[in-house]
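1. Following is a predicted model, sequence given first.
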Amino acid sequence: MSSAVIYAVFALALIALAVFRLFFYRQWRRDRELNKAFPDAWRSLLSRQVPLYSRLPERGRKQLEQRVQLFLSEKPFYGCDGFEVDDTVRVTIAGHACLLVLARPYSDFDDVRSILVYPSSYRVEQEEDDGTVVSVNHEIRAGEASGHGQVVLAWSECESGAVNPQGEHNVILHEFAHQLDYLDGSADGAPPLSGDQARHWQRTMSEAYQQLQETLQHHQPAWLDPYGASAPAEFFAVLTEAYFQQPQHLQEAQPEVYRALFAFYQFDPLQPDTHPGRAR
Ligand SMILES: [Zn+2]
């Protein structure tokens, strides 16, 4: 065989490898991961830490397990301030996060690169520059999400959301909702939607956001955690918490908002026993 033929064969093999890596490797790896059995210990943790899991029909539970399995095989967790990340932490966070993509494509979380977990609320330094003076403020946070795919969570806050499934707050749902918001490149409170759905979302959410702000300005009782009125991105994240944790209240207070969220999540927390939809 001439050296030219050897080079040609080698080049073709490299091209084939690059094509496989680019287009098929991720799916091949995911299929391989899903061929492994889901550990019983993780199933017990989901039952204990993610109350909605037990209310899903069998195929819904299976679907959540598959998403959790992929999530835990792909997303690295890092403990901060000496916090030790064990399976309870990993399965609790993955279980709640994956509720958001239970009936949506799992690929919505492709850009999530890492999860940092602090033992409890943590302090961050925030620099503020008003043009003449730069000041440093200290802020206490329960979690945060970045457009670079990093999610930071305080475990004590995660736990309280998990053990209080009808409560107002769930920091895991909140921060991963921000990740869905980032999917179209901007944190504007509007996740990727198109056509009529996008128009309905825009109209419904703008009206509801304005209504919430006016309610708060008049010091009247609000139908949503007031933090949701701080920015459209926070509105979507806080709405997501309410949608999964207090669906009855949200549907009664804002039926159009509830409908818009259902159109996006394709899963109805008021009827978790209905099939959550598409598989991947
Ligand atoms: Zn937020």
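-> Received, thanks.
2. residues contacting whichever residue of the stretch 151-280 of the chain sits closest to the ion?
-> Closest approach between the stretch 151-280 of the chain and the ion, counting by CB to the ion: A237, at 4.4 Å. Backbone N, C-alpha and C define where each C-beta goes, glycine included. Going by CB atoms under 8 Å, 6 or more residues apart in numbering, A237 touches L173, H174, E175, A177, H178, D181, G228.
3. same thing but at 7 Å, please
-> Each residue near A237 by CB atoms under 7 Å, 6 or more residues apart in numbering is listed here: H174, A177, H178.
4. Just the buried residues of these.
-> Among the contacts of A237, those that count as buried by neighbour count (16 or more other CB atoms under 10 Å) are H174, A177, H178.
5. any idea how far P51 lies from R43?
-> Distance of P51 to R43, computed by CB to CB, to the nearest Å: 14 Å.
6. Quick one: the helices in this protein, in order.
-> Applying DSSP state H to the chain gives helices spanning 3-19, 25-34, 40-49, 51-55, 58-74, 87-99, 155-163, 171-181, 195-217, 232-245, 247-253, 255-265.
7. Looking at those helices, which is nearest to D130?
-> helix 232-245 (22.6 Å; CB to CB).
8. With just CA atoms, put the closest one into PDB.
-> Presented in PDB, the C-alpha positions along helix 232-245 are these (Å, rounded to 0.1, in the frame of the first residue of the first chain):
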ATOM      1  CA  PRO A 232     -38.600  39.700  34.800                       C
ATOM      2  CA  ALA A 233     -36.000  36.900  35.200                       C
ATOM      3  CA  GLU A 234     -36.900  36.600  38.900                       C
ATOM      4  CA  PHE A 235     -40.600  36.600  38.000                       C
ATOM      5  CA  PHE A 236     -40.100  33.500  35.900                       C
ATOM      6  CA  ALA A 237     -38.000  31.800  38.500                       C
ATOM      7  CA  VAL A 238     -40.400  32.600  41.400                       C
ATOM      8  CA  LEU A 239     -43.400  31.600  39.200                       C
ATOM      9  CA  THR A 240     -41.700  28.300  38.600                       C
ATOM     10  CA  GLU A 241     -41.400  27.700  42.300                       C
ATOM     11  CA  ALA A 242     -45.100  28.500  42.700                       C
ATOM     12  CA  TYR A 243     -46.100  26.300  39.700                       C
ATOM     13  CA  PHE A 244     -44.500  23.200  41.200                       C
ATOM     14  CA  GLN A 245     -45.000  23.900  44.900                       C
END
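9. What average pLDDT does it get?
-> The predicted model assigns helix 232-245 a mean pLDDT of 97.
10. Can we start the residue count at 38 from this point?
-> Taking 38 as the first residue, the last one we looked at is helix 269-282.
11. and the helix-or-strand element of the chain with minimal mean pLDDT, how far out from the chain's middle?
-> Within the chain, no helix or strand scores below helix 40-56, which has a mean of 72 by mean pLDDT, DSSP states H and E. Using CA atoms, centre = their mean, to the nearest Å, the mean C-alpha position of helix 40-56 is found 41 Å from that of the whole chain.
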